[in-house]
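Novice: just to be clear, the model below is a prediction. Sequence and coordinates:
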Amino acid sequence: MYEFNYHRPGSVDEAVGLISEDAKILAGGQSLLPTMKLRLAQPSDMIDLAGIPGLSDISVDGSTVTIGATATHASVAASSAVAGAIPALAKLASGIGDAQVRNMGTMGGSVANADPAADYPAALVGLGATVHTNSRTVAADDFFTGIFETDLAENEIVTKVSFPVPQAAAYVKFANPASRYAIVGVFVAKTADGVRVAVTGAGGSVFRASDMEAALNGNFSASSLDGIAVASDDLNSDLHASADYRAHLVSVMAKRAVQAAGG
Amino acid sequence: MPNVSMTVNGKAVSAEVEPRTLLVQFLREKLSLTGTHVGCDTSQCGACVVHVNGKSVKACTTLAVQHEGADVTTIEGLAQNGELHPMQEAFKEHHGLQCGFCTPGMVMSAIDLVKTHPNPDEKTIREGLEGNICRCTGYHNIVKAVKAAADNMGG
Ligand SMILES: Cc1cc2nc3c(=O)[nH]c(=O)nc-3n(C[C@H](O)[C@H](O)[C@H](O)COP(=O)(O)OP(=O)(O)OC[C@H]3O[C@@H](n4cnc5c(N)ncnc54)[C@H](O)[C@@H]3O)c2cc1C
Ligand code: FES
Ligand code: FES
């Protein structure tokens, strides 16, 4: 790892003020530090969010679950308030990586990193969540823009994510047996505005399966998905799975998620 | 160079470190606590697991400066008055190790696991140890040891 300066600001404003061209925000470090060890990133300055009070708060009011940027995956998984309002979200958090990664890794880090195989992006898009930054709010549908790419500006910090409570939801992933990252993960939610189906792991970025949504809006049952497949043209092919296999997995995981959500 | 202070195995320690110093380097190289191992250095094997404020973390994937003021426990801090921790005792009793390289991390992860899941079944134990890799034992006796320790620890 190359040398850098370390900062531990006490507020979001102070953190934003420290951002410079070669600086990086440090949250749980579970993606950033491995990248720096490989010398794929060499920030001049690291701005640690861990000292900012209130940034890890989790709160639930009737129709919305709000998770602070530095809330760890473990704290989301262990929150009885989250499990009561959106059990699928708590369960998703409990399946990220391993216990040690969950003790350090954070909501904000996961969404800002936008790893194509990460789990949270499926929950954000599947539930129609809103990403809050120091300067604005962005709908999840507009937030994830590509491979490790988001709509965040250079000097923007994710402060929290708010999730509307759905009528029913489930997330099912086909996990890489070593890392637990999603080879394919599908989040299905029945919401007041209709069914949402979000797919992670399969493409360059999380995406919605609109044909599946239309079929499930007609009849929320796994059998509605019979014969509906996503095209494999734009899906990932790597040593873990071919694009065709991923396309197949999307259908299988989507059906299982619908069943788990009671359909 | 910034100064970092923390409590390690009950003792206050303080040292100047480069910000890029990993917690595991700080423990092994500054404090000579070499019980915490580095197996992969790529966040995968769990040989480096220690407790920070009671929670298990991979010490190779976190900076020492991130833990200013923290309470850190390593494998060296478990035995009390010459008596092994029940988890260490159970690993010994049930042959939960062969070469022993993974063992410090396994024991630290297993203690955290039993704390969060006081009466774990086999599936819970295997899932809870997903972040720890052992090249020798085939895990069978590790799972047995963790189960036995959980029973002894009053779960
Ligand atoms: C062994 C292993 C297994 C894993 N398995 C999985 C898995 O199964 N599923 C999964 O989804 N993930 C997995 N991960 C990744 C893990 O979830 C990370 O915690 C997560 O991707 C990044 O969160 P972090 O808090 O650690 O962020 P960091 O590593 O600190 O930061 C990641 C990036 O986000 C930026 N950033 C962080 N916080 C903010 C913020 N608030 N605002 C703006 N930018 C910010 C940083 O500058 C950096 O570019 C795994 C990681 C490891 C090491
Ligand atoms: S040395 Fe830290 S996980 Fe392998
Ligand atoms: S006992 Fe040898 S690696 Fe586990």
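Specialist: Arrived safely, thanks for sending. What you are looking at is a predicted structure, and each value in this text was computed from that prediction instead of being measured. Ligands and ions are numbered 1, 2, ... in the order given.

Novice: up against chain B, what does the stretch 151-263 of chain A have?
Specialist: Neighbours of chain B within the stretch 151-263 of chain A, by C-beta under 8 Å from any C-beta of the partner chain: A:Ala178, A:Ser179, A:Arg180. Bear in mind the C-beta positions are built from the backbone N, C-alpha and C, glycine included.

Novice: just among these, which is most surrounded?
Specialist: Each of these was scored for neighbours by other C-beta atoms under 10 Å in any protein chain shown, and A:Arg180 scores highest at 19 neighbours.

Novice: break down the chain into its helices, ranges please.
Specialist: No chain in the question, so chain A it is. Applying DSSP state H to chain A gives helices spanning A:12-18, A:32-37, A:73-78, A:80-85, A:87-94, A:99-104, A:107-113, A:120-127, A:140-143, A:210-218, A:243-260.

Novice: nope, chain B please
Specialist: B:23-25, B:86-93, B:103-116, B:122-128, B:140-152.

Novice: dump the helices of chain A into TSV; add mean neighbour count and distance to ligand 3 as well.
Specialist: Shown next, in TSV, are the helices of chain A (neighbours: other C-beta atoms under 10 Å in any protein chain shown; distance: least, C-beta to the nearest ligand atom, whole Å):
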stretch	mean neighbour count	distance to ligand 3
helix A:12-18	16	41
helix A:32-37	19	21
helix A:73-78	22	25
helix A:80-85	16	34
helix A:87-94	22	26
helix A:99-104	27	17
helix A:107-113	25	30
helix A:120-127	29	32
helix A:140-143	19	41
helix A:210-218	16	44
helix A:243-260	20	32
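
Novice: and the ones you listed: which comes nearest B:Ala148?
Specialist: Nearest to B:Ala148 among those is helix A:99-104 (20.0 Å), distances taken as C-beta to C-beta.

Novice: count of neighbours near the residue nearest to B:Gly46 when sequence neighbours are not counted?
Specialist: Spatial nearest neighbour of B:Gly46, excluding adjacent residues (C-beta to C-beta, 6 or more residues apart in numbering or on different chains): B:Asn132 at 3.4 Å. When neighbours are counted by other C-beta under 10 Å, B:Asn132 registers 28.

Novice: wait, what's in contact with B:Ser43?
Specialist: A:Gln30, A:Leu33, A:Pro34, A:Val101, B:Lys58, B:Cys60, B:Thr61 (C-beta atoms under 8 Å, 6 or more residues apart in numbering or on different chains).

Novice: what about the closest residue to chain A within chain B, distance to A:Arg102?
Specialist: Nearest to chain A, among the residues of chain B, is B:Gly131, at 2.9 Å (C-beta to the nearest C-beta). For B:Gly131, the distance to A:Arg102 equals 9 Å [C-beta to C-beta, to the nearest Å].
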